[in-house]
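S.K.: sequence first, predicted model second:
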Amino acid sequence: MALGKRTAQQTELFVPVAQLPQSPAHPFYAKLNGLLAESAFDPFVEQLCEPYCKEGGRPSIPPGTYFRMLFIGYFEGIDSQRGIAWRCADSRSLREFLGAELTDATPAHNSMTVIRQHLPARVFESVFEHVLGVLDGQGLLRAKTLGIDSTTLEANAAMRSIVRKADGKNWKEFLRTLAQAEGIEHPTDEDLRRLDRKRQDKKVSNEEWANPHDPDARIARMKDGRTHLAYKAEHAVDLESTAIVAAHVTTAERGDTATGEETLILAQVHLVRSGSQAEIKEVAQDKGYHDNEALARIAAWGVRTYVPERKQKSRVWTDKPAEFEAAFRANRRRVRGDKGRRLNRWRSEKCERSFAHVCETGGGRTFHPGAVPDAWHHQAGAESIRGADPMLGPYGAASVRRGRWDISPSLSPAWRNCCFLNGLLDNPPSKPTPEALVVL
């Protein structure tokens, strides 16, 4: 075989389109495009985004193209809009996925920013619920048994920028005040470091300190042991189809017992709004969610719990309502059975897998303040498409209550009562009971 040499060549002035090399379409993106076309995805998102566009002026990126670019960011593991725009412009198979011809320019990153800033979170939630409806229509959404778990997300803010809420002083100014109180009038940086090492009470609490650039970020211990400003993300995963039915993003200092019920309610609401007739019957959680009051409240909704209990020497029931003890013993009996062990194995496997998909593969480990739709919601539809379908499907949307809507009459009275008392239902049940109230 002779040696081939690379030589400088003159660029052709005109190139017939028929002579351009054709790259084969990516089978995954081709299948995904077919699924989106079958579900009328583009007309749906165009109708959603139309109220937020003005008449006249330069046309924006088609909403279907915008959401496809966000899907690409998740599937390709790209966590920046610049990277997404560059990847779409560089790949012919991705250009075909976006519907761009060879002579068309793919959208730039600044155009994506303009659209993200114009669209509210409700639009992204509606896209996610539409994808859930597609999965349900294909028979890929069961949602009878959910697994709920949580993880921490790094905030896009540094610990060195925190200030005291009382006087606005940063860490160095706070140490300088302590040094002057100790009699050091003009302390150097070395004096401040020495004083900080010798101090006994060096706890940094969220009640006293905050980051001025991200006031909602909280000081928390990460999974790897580091202390960082963080948020908390919680997933509700269908243990049969692995579709993420809901994702709840909240502040990092809130415990699992405070957020587990909210995520469970959001999961049922997303199912209803997607047009699914599925009703949650069982939920599996880890021992961090074990709380007698929460168990009793979830049992009142007609949901069976599978939550391992924490190790405790003894329990006293004389000062607690009878419902607490009944819910505790029923949960213990279910957890110790074969089904309870199986569901908790599935929960640890499939919930952790969803976090690996979103946080590691999807580049969502860092949470940007004020960018819930950008950082998390756009991955909702992508992960939902990927996890539940054998070829493709799950990811849910985090949300705070933004309105009320009619809940399907096919829901059980317990679930209708819960949704009504939490402000998620316009039509009240016949006899609402206050035990179902959870403040969202």
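M.R.: On my side now, so go ahead. Numbers count the residues shown, from 1 in each chain.
S.K.: tell me where the chain is predicted with low confidence.
M.R.: Scanning the chain for pLDDT under 70 picks out the ranges 1, 4, 13, 17-23, 361-363, 368-440.
S.K.: now name the helix or strand holding Ala330.
M.R.: Per DSSP states H and E: Ala330 is located in helix 322-335.
S.K.: in that helix, what counts as buried?
M.R.: Glu323, Phe324, Ala327, Phe328, Asn331, Arg332, Arg334, Val335 (16 or more other CB atoms under 10 Å). (Each C-beta comes from the backbone N, C-alpha and C, glycine too.)
S.K.: helix or strand next in line after it, which one?
M.R.: Using DSSP H and E, the helix or strand that directly follows helix 322-335 along the chain is helix 338-355.
S.K.: just the terminal-to-terminal distance for stretch 233-243.
M.R.: Start-to-end span of stretch 233-243 (CA to CA, to the nearest Å) is 16 Å.
S.K.: and it, how far out from the chain middle?
M.R.: 11 Å (CA atoms, centre = their mean, to the nearest Å).
S.K.: follow-up on the earlier one: helix 338-355 and the helix holding Ala330, what's the angle between them?
M.R.: Here helix 322-335 points in a direction 90 degrees away from that of helix 338-355 (axes from the mean of the first three to the mean of the last three CA atoms, to 10 degrees).
S.K.: for helix 322-335, packing partners?
M.R.: Applying 3 or more CB pairs under 8 Å, 6 or more residues apart in numbering; DSSP states H and E, we find helix 322-335 packed against helix 292-300, strand 304-306, helix 338-355.
S.K.: repeat that for 7 Å
M.R.: Applying 3 or more CB pairs under 7 Å, 6 or more residues apart in numbering; DSSP states H and E, we find helix 322-335 packed against helix 292-300, strand 304-306.
S.K.: mind putting those in TSV, mean neighbour count and distance to Ser80 included?
M.R.: Formatted as TSV, these follow (neighbours: other CB atoms under 10 Å; distance: least, CB to CB, whole Å):
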stretch	mean neighbour count	distance to Ser80
helix 292-300	21	39
strand 304-306	21	40
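S.K.: which among these is found nearest to Leu3?
M.R.: Checking the helices and strands packed on helix 322-335 against Leu3 by CB to CB gives strand 304-306 as the closest, at 67.1 Å.
S.K.: can you pull out the strands in the stretch 51-200 of the chain?
M.R.: Here the stretch 51-200 of the chain has its strands, by DSSP state E, counting those that start in this stretch, at 145-155, 163-164.
S.K.: as JSON lines, the ones you listed with distance to Leu266 would be great.
M.R.: Formatted as JSON lines, the strands of the stretch 51-200 of the chain follow (distance: least, CB to CB, whole Å):
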{"stretch": "strand 145-155", "distance to Leu266": "11"}
{"stretch": "strand 163-164", "distance to Leu266": "33"}
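S.K.: angle of the helix holding Ala330 against helix 292-300?
M.R.: Using the same axes, to 10 degrees: helix 322-335 against helix 292-300 is 80 degrees.
S.K.: quick one: contacts of helix 322-335?
M.R.: Defining contact as CB atoms under 7 Å, 6 or more residues apart in numbering, one finds that helix 322-335 is touched by 292-293, 295-296, 299, 304-309, 317, 340.
S.K.: rerun at 6 Å
M.R.: With contacts defined as CB atoms under 6 Å, 6 or more residues apart in numbering, helix 322-335 is touched by Asn292, Leu295, Ala296, Ala299, Thr305, Tyr306, Val307, Pro308, Trp317, Gly340.
S.K.: test my guess that Leu266 contacts Ala246.
M.R.: Yes - at 4.3 Å, Leu266 and Ala246 qualify as touching, with contact defined as CB atoms under 6 Å.
S.K.: what residues sit buried inside stretch 105-121?
M.R.: Buried residues in stretch 105-121 (16+ other CB under 10 Å): Thr106, Pro107, Ala108, Ser111, Met112, Ile115, Arg116, Leu119, Ala121.
S.K.: start to end distance for it?
M.R.: 28 Å.
S.K.: with distance to Thr11 added, can I get the contacts of helix 322-335 in a markdown table?
M.R.: Formatted as a markdown table, the contacts of helix 322-335 follow (distance: CB to CB, whole Å):
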| residue | distance to Thr11 |
| --- | --- |
| Asn292 | 75 |
| Leu295 | 71 |
| Ala296 | 74 |
| Ala299 | 72 |
| Thr305 | 68 |
| Tyr306 | 66 |
| Val307 | 66 |
| Pro308 | 67 |
| Trp317 | 83 |
| Gly340 | 68 |
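S.K.: which among those residues gets closest to Glu234?
M.R.: Once CB to CB is applied, the member of the contacts of helix 322-335 that ends up nearest Glu234 is Val307, at 14.4 Å.
S.K.: which ones are touching the closest one?
M.R.: Neighbouring residues of Val307 by CB under 6 Å, 6+ apart: Gln285, Tyr289, His290, Asn331.
S.K.: okay, now Asn166: neighbour count?
M.R.: Just to correct that, residue 166 is Ala rather than Asn. Residues lying near Ala166 (other CB atoms under 10 Å) number 8.
S.K.: now it: closest residue in space, sequence neighbours ignored.
M.R.: Closest residue to Ala166 apart from its sequence neighbours, by CB to CB, 6 or more residues apart in numbering: Glu208 at 7.1 Å.
S.K.: against Cys359, how distant is that neighbour?
M.R.: Look at Glu208 and Cys359: by CB to CB, to the nearest Å, they are 29 Å apart.
S.K.: which one of the two has more residues nearby?
M.R.: Between Glu208 and Cys359, counting by other CB under 10 Å, Cys359 is the more crowded of the two (19 against 14).
S.K.: touching, the more buried one and Arg365? I think so.
M.R.: Yes - at 4.3 Å, Cys359 counts as touching Arg365 under the criterion of CB under 6 Å.
S.K.: how is this structure divided into domains?
M.R.: As recorded under automatic domain parsing, the domains making up the chain are 23-119, 125-156+225-436, 159-219.
S.K.: got those domains as JSON lines, with distance to Ala2 columns?
M.R.: Putting the domains of the chain into JSON lines (distance: least, CB to CB, whole Å) gives the following:
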{"stretch": "domain 23-119", "distance to Ala2": "28"}
{"stretch": "domain 125-156+225-436", "distance to Ala2": "44"}
{"stretch": "domain 159-219", "distance to Ala2": "61"}
